[in-house]
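1. Okay, here's the prediction I keep looking at, along with the sequence it came from:
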Amino acid sequence: MSRPNVEVVRRIYEAISRRDMGGVLEQMAPDIEILQSEEVPWGGSYRGHEGAGAFTAKLVGAVTSAVTVERFVDAGSSVVAIGRTRGTVNATGAVFDASGGRATY
């Protein structure tokens, strides 16, 4: 049986695949904190639902992509999503396929 944290992260990815930002925010705590490497155009630290919206706006402004989660790892108080992201860079049209990526929640 899946643990509750894994189910929350699974629902977030399902909402992302539908491009349903309301559904994503519904699963996130009001004090959500998103930390993304400064090496990407959407990088930085984002807090709260407003910050999550700003993060998403920067991300979709920079790339058009689809995420495929291969598996979720229940790590107690954290959940690790392992998968692949495929898409294009909006500014250049360059195609990317990043596999083996991990996101920890």
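-> Cool, got the structure. Residues are numbered from 1 along each chain as shown.

2. in the one helix or strand Val69 maps to, what's buried?
-> Assigned by DSSP states H and E, Val69 falls within strand 63-75. Neighbour-count burial for strand 63-75, with 16 or more other Cβ atoms under 10 Å as criterion, is recorded at Val63, Ser65, Val67, Val69, Phe72. Every residue, glycine included, has its C-beta placed from N, CA and C.

3. The fourth one and Val79 touch, don't they?
-> No. Here Val69 does not reach Val79: they are 10.6 Å apart, not a contact under Cβ atoms under 8 Å.

4. list residues touching both of those two?
-> Common contacts of Val69 and Val79 (Cβ atoms under 8 Å, 6 or more residues apart in numbering): none found.

5. ok, back up a step: what pairs with the strand holding Val69, parallel or antiparallel?
-> Sheet pairing of strand 63-75 (DSSP bridges) gives strand 78-89 (antiparallel).

6. Just give me how far the partner strand sits from the chain centre.
-> The chain centroid and the centroid of strand 78-89 are separated by 7 Å under Cα atoms, centre = their mean, to the nearest Å.

7. Please name the spatially closest residue to Lys58 (chain neighbours excluded).
-> In this structure, Lys58 finds its nearest non-sequential neighbour in Trp42, 3.8 Å apart by Cβ to Cβ, 6 or more residues apart in numbering.

8. ok so that neighbour is a strand residue?
-> No. If the criterion is DSSP: H, G, I helix; E, B strand; the rest coil, then Trp42 is coil and not within a strand.

9. For Asp97, state which of the buried residues of strand 63-75 is nearest.
-> Of all those, Ser65 has the smallest distance to Asp97: 9.7 Å, by Cβ to Cβ.

10. Quick one: residues contacting the closest one.
-> Thr85, Arg86, Gly87, Thr88, Phe96.

11. Perfect, that will be all.
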